[in-house]
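Undergrad: sequence-free structure coming up:
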Ligand SMILES: [Fe+2]
Ligand SMILES: [Fe+2]
């Protein structure tokens, strides 16, 4: 007996057309948000390729080269930097995945195109931190607070929450941490060639990250408009929990930051002040003020201390 698959395929195709044949990819050609369109134009213009500057940033390591002397840092400072940069490296991996999710969820043509550039930017940032870490040491384990934060942002099915978590919170953290790190390295007296290997690529990344934060600020109001009372409450709760994890992810590296010459307290103050300013800029009345988060700091401090004690006992 000859088995004919034709009728089954016909039925499946028919069902697919009924169920999935909507306009998922049919995005409006009309530009809805000119500010987003402008950011896309800037993103195209400012793409850069690490390969063009790899030899400038990371000269080949000679066998037996004393990396500490080359960077003009102590062994302890170099290892502390490698642990902090490892967290950034995982953060960039998370940003790549989450911006790809957001690209797939965008409902306007200009937002979808901008987010596609962000995916490429984040891939480049992953590549840059791979280069820095290989040059100064190796990739270390992941900060559990950042891991929890990125995992929850990746898991939420709401695109406005992803945008708040990624483009406002995580990107804001990256900007504040990079700024404090560059200042700390300079004050520590890192060599010029050391700054070229670590500081200059980070300066390039900061320009990209500013654009990503800018996208969050201009795109968010459209997504939050018309949110129900219940949805607003859910968003606020999540924002507060994520602010707690964000704070924990910095606090977790306090000792390493201080070894690197980074003013840990100033970094936290900057981070919260920047977030507060951005919440004001995007006129997102749905979001809560960071003052509410400040009340949670003693509780988060206790969680961080408990995690660090447990890790030390296990080591
Ligand atoms: Fe990034
Ligand atoms: Fe980014």
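TA: Noted; the coordinates are in hand. Small disclaimer: the values here were computed from a predicted structure and weren't measured. Ligands and ions are numbered 1, 2, ... in the order given.

Undergrad: OK, contacts around whichever residue of the stretch 51-200 of the chain sits closest to ligand 1?
TA: The minimum distance from the stretch 51-200 of the chain to ligand 1, using C-beta to the ion, falls at residue 125 (3.7 Å). In this view, the C-beta of every residue, glycine as well, is placed from N, C-alpha and C. By C-beta atoms under 8 Å, 6 or more residues apart in numbering, the contact set of residue 125 is 92, 95, 96, 205, 208.

Undergrad: now, those that are in strands?
TA: Counted as lying in strands by DSSP state E, out of those, is not a single one.

Undergrad: any idea how far the residue of the stretch 51-200 of the chain closest to ligand 1 lies from residue 222?
TA: Plainly put, residue 125 is 26 Å away from residue 222 if you go by C-beta to C-beta, to the nearest Å.

Undergrad: quick one: what helix or strand has the residue of the stretch 51-200 of the chain closest to ligand 1 in it?
TA: Secondary structure here is read from DSSP states H and E; on that basis residue 125 sits in helix 109-136.

Undergrad: wait, does that helix make contact with ligand 2?
TA: No - contact between helix 109-136 and ligand 2, assessed by C-beta under 5 Å from the ion, is absent, since the two come no nearer than 5.6 Å.

Undergrad: pLDDT (mean, whole number) over that helix?
TA: Mean pLDDT, computed over helix 109-136, is 96.

Undergrad: check contacts around the residue in the stretch 151-300 of the chain that ligand 1 sits nearest to.
TA: Each residue of the stretch 151-300 of the chain has a distance to ligand 1, by C-beta to the ion, and the smallest belongs to residue 209, at 5.5 Å. By C-beta under 8 Å, 6+ apart, the contact set of residue 209 is 171, 174, 175, 178.

Undergrad: check it and give its pLDDT.
TA: At residue 209, the predicted lDDT confidence score is 96.

Undergrad: tell me the contacts of residue 166?
TA: Under the criterion of C-beta under 8 Å, 6+ apart, the contact list for residue 166 reads 95, 98, 99, 102, 153, 216.
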